[in-house]
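Visitor: Provided below are the primary sequence and the corresponding predicted coordinates.
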Amino acid sequence: MYSVRKKKRNPVLDKKYDEGFEAGSNHAVSFFVDRFQGLQNVEGIGDKTMEKIVEHLGVKYFKGVGK
């Protein structure tokens, strides 16, 4: 049987990967925050519907909206 040897990971590439992942996550969250902030201006979405959306998705996306 052959033994499988793990390759050592390049610390520079690991660091850049982590930085890119975090930047991508931050970009996605800011995109959703912008989109969700506009929901309160959509005709047909009243206070009760907005509260349900905020409760379902989480308050972190709706600063100052809803409750």
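Guide: Done, it's in.
Visitor: Spit out the contact partners of D14.
Guide: Taking C-beta atoms under 8 Å, 6 or more residues apart in numbering as the contact definition, D14 lies against nothing. Every residue, glycine included, has its C-beta placed from N, CA and C.
Visitor: now V4
Guide: V4 touches nothing, counting by C-beta under 8 Å, 6+ apart.
Visitor: Over to it. Which of the three states is it?
Guide: Of the three states, V4 takes coil under DSSP: H, G, I helix; E, B strand; the rest coil.
Visitor: Please apply the same query to I53.
Guide: Going by three-state DSSP: I53 is helix.
Visitor: Just want the most central residue of the chain.
Guide: Centroid-nearest residue in the chain: V29, 3.5 Å away (criterion: C-alpha atoms, centre = their mean).
Visitor: So for that one, what's the pLDDT?
Guide: Model confidence at V29, given as pLDDT, is 79.
Visitor: cool, and D14?
Guide: 90.
Visitor: Please give the element, helix or strand, for it.
Guide: Per DSSP states H and E, D14 falls inside helix 11-37.
Visitor: what about that helix, distance to the chain center?
Guide: 8 Å (C-alpha atoms, centre = their mean, to the nearest Å).
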